[in-house]
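**Student:** got a predicted model here, sequence first, then my questions.
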Amino acid sequence: MAKALRKFQEEETRSYRERIRELVEQDYVVAARELLAEALEKEDHEEDLSGWQQVLAPAKILRVGGERDIDRTSDFQWLKDHGDEYRGQWVALFDGELLAHGGDLEKVLSQLEDHPSGQRALLHRIH
């Protein structure tokens, strides 16, 4: 019982940011989202949690439609091979080729408008 109480007290002394990071590192994303919501609801913390708000936000579907069953294997391989070079940016890939990239999604989309494969590109933000 004392051990459980000590663990509870330790968690209360750690910052929300530390506790959220630990949950994410352990793949407890739902719990991290719940703790983030608790922190934002309290509003008495002095931490900037906006980065965690972005990371833990639900995924957004940007576009639906187009061809189904496109083989994205070469695009996923490109992300593994080159992703570190484009951290913090949006990338547009098709058939293992980088079509466009940048920090602003709207600019990347505008670069794709005239590209022949632009409508079929995989859009991904690299964190």
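**Tutor:** That came in fine, so what should we check first? Residues are numbered from 1 along each chain as shown.
**Student:** and the gap between residue 39 and residue 33?
**Tutor:** Noted for residue 39: a distance of 11 Å to residue 33, by C-beta to C-beta, to the nearest Å. All C-beta atoms are positioned from the backbone trio N, CA, C, and that covers glycine.
**Student:** can I assume residue 82 is in contact with residue 98?
**Tutor:** Yes. With contacts counted by C-beta atoms under 8 Å, residue 82 reaches residue 98, the gap being 7.4 Å.
**Student:** count the residues that sit near residue 16.
**Tutor:** Neighbour count for residue 16, taken as other C-beta atoms under 10 Å: 18.
**Student:** apart from its chain neighbours, what residue comes closest to it?
**Tutor:** The shortest distance from residue 16 to any residue other than its chain neighbours is 4.1 Å, reached at residue 39 (C-beta to C-beta, 6 or more residues apart in numbering).
**Student:** assess the claim that the one you found and residue 48 are in contact.
**Tutor:** No. The pair residue 39 / residue 48 is not scored as a contact, 11.0 Å apart, by C-beta under 8 Å.
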